[in-house]
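Asker: mind looking at a prediction? Sequence and model below.
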Amino acid sequence: EAGVAQSPRYKIIEKRQSVAFWCNPISGHATLYWYQQILGQGPKLLIQFQNNGVVDDSQLPKDRFSAERLKGVDSTLKIQPAKLEDSAVYLCASSPLGLVGGQFFGPGTRLTVL
Amino acid sequence: DAKTTQPTSMDCAEGRAANLPCNHSTISGNEYVYWYRQIHSQGPQYIIHGLKNNETNEMASLIITEDRKSSTLILPHATLRDTAVYYCIVRGSAGGTSYGKLTFGQGTILTVHP
């Protein structure tokens, strides 16, 4: 079974530029999550989709971050404009529909904002 | 979501059992205990979860106390590849704004040495 795919793996940009990350979840997984992990900290949930609807985006900085999951499959997370404090690893995870069961994480995208 | 408390770091000799404790004294009756680990430069990996009963799978065993206020993750024969950050998480219950949400803390850095 293929895992969660993410691209790019690494990205370096200057502040005020825009950047987008892509995630393809495990086939058949209805729920998709985006997390931000700052160095030395645990991952923090940014947004959770169930199919193509948003379940939780309470910690998403909506003035600069946006995410979509068209057709309920893959997803993109965008930052516009980026700030220095956005430097982090952005992790995508997916899980089958239902509360119980693990989330399966991708390898992440490491973003460096200069 | 109930908060968890874990030791910052632990050491274990290769081949011995690693016992990782977690306190979650404010856990609610319908909240599950989840364990994930994160090996350096990788996304978190689901290990195991439980509600009341002890659980075992091919990776680990989870022992939950009768009052559910604490739990222990057991890696029966630790190897060097088990060196990672281990996160104990109490998962939000259905129906609230934190539906299915994982809130990661700092975790325990487990170092397995030869």
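Answerer: Sure thing, it's come through.
Asker: drop to CA atoms for contacts and neighbour counts, all remaining ones
Answerer: OK.
Asker: show the contacting residues for A:Pro8.
Answerer: A:Phe21, A:Trp22, A:Thr109 (Cα atoms under 8 Å, 6 or more residues apart in numbering or on different chains).
Asker: what number of residues lie near the second one?
Answerer: It refers to A:Trp22. 19 (other Cα atoms under 10 Å in any protein chain shown).
Asker: run through the bridge partners of residue 32.
Answerer: All of this refers to chain A. With DSSP bridges as the criterion, A:Leu32 is bridged to A:Phe49, A:Ser94.
Asker: correction: the question concerned chain B.
Answerer: B:Arg91.
Asker: report pLDDT for it.
Answerer: We have a pLDDT of 90 for B:Tyr32.
Asker: how close does it sit to B:Asn53?
Answerer: As judged by Cα to Cα, to the nearest Å, B:Tyr32 and B:Asn53 stand 11 Å apart.
Asker: same list, the contacts of A:Pro8, but as JSON lines with distance to A:Glu68, pLDDT and secondary structure please.
Answerer: Putting the contacts of A:Pro8 into JSON lines (distance: Cα to Cα, whole Å; pLDDT from 0 to 100; DSSP: H, G, I helix; E, B strand; the rest coil) gives the following:
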{"residue": "A:Phe21", "distance to A:Glu68": "11", "pLDDT": "98", "secondary structure": "strand"}
{"residue": "A:Trp22", "distance to A:Glu68": "10", "pLDDT": "97", "secondary structure": "strand"}
{"residue": "A:Thr109", "distance to A:Glu68": "17", "pLDDT": "97", "secondary structure": "strand"}
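Asker: between those residues, which is nearest chain B?
Answerer: Nearest to chain B among the contacts of A:Pro8 is A:Thr109, at 9.8 Å by Cα to the nearest Cα.
Asker: my guess is the closest one contacts A:Tyr10. True?
Answerer: Yes: counting by Cα atoms under 8 Å, A:Thr109 sits close enough to A:Tyr10 to count as a contact (5.4 Å).
Asker: which one's more surrounded, those two?
Answerer: The residue with more neighbours, out of A:Thr109 and A:Tyr10, is A:Thr109; 22 against 13, by other Cα under 10 Å.
Asker: quick one, phi psi at the closest residue to the more buried one other than its chain neighbours?
Answerer: Nearest non-adjacent residue to A:Thr109, counting by Cα to Cα, 6 or more residues apart in numbering or on different chains: A:Arg9, 4.4 Å away. Here the main-chain torsion angles of A:Arg9 (degrees, to the nearest 10) amount to phi -80, psi -30.
Asker: also A:His29?
Answerer: Main-chain torsions, A:His29, degrees, to the nearest 10: phi -80, psi 120.
Asker: can you count the residues close to the residue lying closest to it once chain neighbours are set aside?
Answerer: Distances taken as Cα to Cα, 6+ apart place A:Pro96 nearest to A:His29, at 4.3 Å, with adjacent residues excluded. The burial count assigned to A:Pro96 is 18, neighbours taken as other Cα under 10 Å.
Asker: for A:Pro96, what are its contacts?
Answerer: So A:Pro96 contacts A:Gly28, A:His29, A:Ala30, A:Thr31 (Cα under 8 Å, 6+ apart).
Asker: now which of those would you call buried?
Answerer: With neighbours counted using 16 or more other Cα atoms under 10 Å in any protein chain shown, the contacts of A:Pro96 contain these buried positions: A:His29, A:Ala30, A:Thr31.
Asker: quick one: which of these is nearest chain B?
Answerer: A:Thr31 (9.7 Å).
Asker: is it true that that closest one touches A:Gly102?
Answerer: No: using Cα under 8 Å, A:Thr31 makes no contact with A:Gly102, being 11.2 Å away.
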